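In: Have a look at this prediction, sequence included:
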Amino acid sequence: MKIADNKVVQMHYKLTDDKNTVLDSSEGREPLSYIHGSGNIIIGLEKQLSGKEEGDKINAVVSPTEGYGERDDKLTQVVPKSGFQGDEEMKVGMQVQIGTEQGNAIASVTKIEGEDITLDMNHPLAGVTLNFDVEVVSVRDATKEELDHGHVHGPGGHHH
Ligand code: ZN
């Protein structure tokens, strides 16, 4: 059976960046399950899996525009350290929750200079070219219930 919209796909994958750093992998875990065509996984990978079959192995290179987006410098801002409460010491690399006009968001601390803290609200993988090594483990039709819910049930999926 070929991968097409409304099929449930199980796959093993390894995700690396352009420096060959492993960012994520299903190694040692259950394969990942998703419903093809429902936006469960990033669009650039979904496109390249279309038409593949059980047992196929592919290397999919996904550009930032079809991955987590380009970096947007407008999404960084400098805020005063005094704006943060709590005892935890601010460190570069830590993630903080901030309030925005669109609600709460997660930002990474990218620089600390005296009382100035630089926050970056870009996705950590924004601007990164993604390399997926994928092995298709199985392909089956999604059930009506799975399509209604928009996610996979059973092994490797959601449970209710
Ligand atoms: Zn469900």
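Out: Cool, got the structure.

In: what residues are up against residue 111?
Out: Each residue near residue 111 by CB atoms under 8 Å, 6 or more residues apart in numbering is listed here: 92, 117-118. The C-beta positions use only the backbone N, C-alpha and C, and glycine is treated the same way.

In: Could you dump these into JSON lines and include pLDDT?
Out: Listed next are those as JSON lines, based on pLDDT from 0 to 100:
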{"residue": "92", "pLDDT": "94"}
{"residue": "117", "pLDDT": "93"}
{"residue": "118", "pLDDT": "94"}
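
In: Select from the residues you listed the one having the most neighbours.
Out: Of all the contacts of residue 111, the highest neighbour tally under other CB atoms under 10 Å goes to residue 117, namely 22 neighbours.

In: coming back round to it: now, among the contacts of residue 111, which is nearest to residue 22?
Out: Proximity of those to residue 22 (CB to CB) peaks at residue 92, which lies at 22.5 Å.

In: wait, the closest one sits on residue 110?
Out: Yes. If you go by CB atoms under 8 Å, residue 92 and residue 110 touch, sitting 6.5 Å apart.

In: Closest residue of this protein to the ion?
Out: Nearest to the ion, among the residues of the chain, is residue 149, at 3.3 Å (CB to the ion).

In: What does that residue show for phi and psi?
Out: Per-residue torsions, residue 149: phi -80, psi -20 (degrees, to the nearest 10).
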